[in-house]
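> The following comprises the amino acid sequence and a computationally predicted model.
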Amino acid sequence: MIIDAHHHLWTADYPWLAAPGLESIRRDYTVADLVPRLDEAGVTATLLVEAGRCDAAETAEFLALAAATARIAGVVGWASLTDPAIAATLAGYRDLPGATKLVGIRDQVQGVVDPGHLARPDVRAALVAIGAAGLTVDLVVHVGQLPACAEAARATPGTTFVLDHLGKPRIAATGLAEWRTAVRDLAGCDNVVAKLSGLLTEAGPGWRVADIRPYVDTALELFGPHRLMAGSDWPVCDLVASYAEAWAALDACLGELSPDERTAVLAGTAIRTYALEVGS
């Protein structure tokens, strides 16, 4: 069994897609686009993650899609970590169609300039509230924010954090040493797991498996396979690789794992962390 623990769906009018260089993925991506790719890659089920629209309506739409699509086993919806009424926001999500598939929350922390953002009292309260609601906090951050993530994880031990894309190491700039130093403390927090996703995009055009392998190996060393999960980051990966190519590259990096370790990375960690209900 393979669980794609990180993909998106969007429409061409998402504002961030207007940026230069994104012309090739500036179009609608729907369930009809997704399912053939899952079949080709042998993926059993997926986790649909908020895609940067940053409004509650997107979460409602994704939950409805998940309710109608058995292959989408879970949804990581959006909520602002500075929302003073976040508990009510989460409770409102629980009343929506498909709400049983809401498994996590993500805010676009990577775009926040304030280095003290994750230490703000209101943000810390939101992290606690999300954990108390039985949901994970997905972290989409850059390397410079990883120390703050570790402090937040230590301060809120009742909340489970999922580090997306390994914290976006600067692979194209040979940033292995920088990233290893930055992520080590976060990996030491028992309430944090991480996703092997988005690495080909960080490697950039002309990527080779050898470019991402040191990052995968380091993640396996620091987190261990039972705290790692795999995701395609499709359609973002289409910037540099197809859905099938993204899985093939990751598979090439996992060749030395035991069957138990491989099962953990490809399915077990995601099922356990997000409490996904999937068939065999």
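Received it, and whenever you're ready, just let me know what you need.
> which residues of the stretch 101-250 of the chain fall in strands?
Read by DSSP state E, counting those that start in this stretch, the stretch 101-250 of the chain holds these strands, from start to end of the chain: 102-107, 136-139, 161-163, 192-196, 228-230.
> The ones you listed into CSV, with extra columns for mean neighbour count?
To be clear about C-beta, it is placed using only N, CA and C from the backbone, and glycine gets the same treatment. As requested, the strands of the stretch 101-250 of the chain are exported to CSV (neighbours: other Cβ atoms under 10 Å):
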stretch, mean neighbour count
strand 102-107, 24
strand 136-139, 26
strand 161-163, 27
strand 192-196, 25
strand 228-230, 27
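> a markdown table for these, including distance to A150 and mean pLDDT?
Supplementary listing: the strands of the stretch 101-250 of the chain in a markdown table, determined by distance: least, Cβ to Cβ, whole Å; pLDDT from 0 to 100:
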| stretch | distance to A150 | mean pLDDT |
| --- | --- | --- |
| strand 102-107 | 18 | 98 |
| strand 136-139 | 11 | 98 |
| strand 161-163 | 10 | 98 |
| strand 192-196 | 8 | 98 |
| strand 228-230 | 17 | 98 |
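> Select, out of the ones you listed, the one closest to A41.
Taking Cβ to Cβ as the criterion, strand 228-230 is the member of the strands of the stretch 101-250 of the chain that comes nearest to A41, at 11.0 Å.
> what residues does the closest one touch?
With Cβ atoms under 8 Å, 6 or more residues apart in numbering as the test, strand 228-230 has contacts from 2-5, 162, 193-197, 219-220, 250, 264-266, 269-270, 273.
> For A60, which residues are in contact?
Counting by Cβ under 8 Å, 6+ apart, A60 makes contact with Y93, L96.
> Torsion angles phi and psi at it?
According to degrees, to the nearest 10, the main-chain angles of A60 amount to phi -60, psi -40.
> can you tell me how far it sits from R71?
Distance, A60 to R71, by Cβ to Cβ, to the nearest Å: 20 Å.
> cool, A194 as well?
As for A194, its distance to R71 is 24 Å (criterion: Cβ to Cβ).
> Give me the neighbour count for L118.
L118 is surrounded by 24 other residues when neighbours are defined as other Cβ atoms under 10 Å.
> Ok, S242 next?
For S242, the number of neighbouring residues by other Cβ under 10 Å comes to 15.
> same thing with A133?
The burial metric for A133, expressed as a neighbour count using other Cβ under 10 Å, is 17.
> does it really touch G92, like I thought?
No: counting by Cβ atoms under 8 Å, no contact exists between A133 and G92, whose distance comes to 11.3 Å.
> Look through this structure and tell me its longest helix.
Counting residues, the longest helix in the chain under DSSP state H turns out to be helix 209-223.
> ok, back up a step: let me have the strands of the stretch 101-250 of the chain in TSV, extended by distance to A51.
What follows is the strands of the stretch 101-250 of the chain, written out as TSV (distance: least, Cβ to Cβ, whole Å):
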stretch	distance to A51
strand 102-107	10
strand 136-139	12
strand 161-163	16
strand 192-196	15
strand 228-230	19
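> Good, we can wrap up now.
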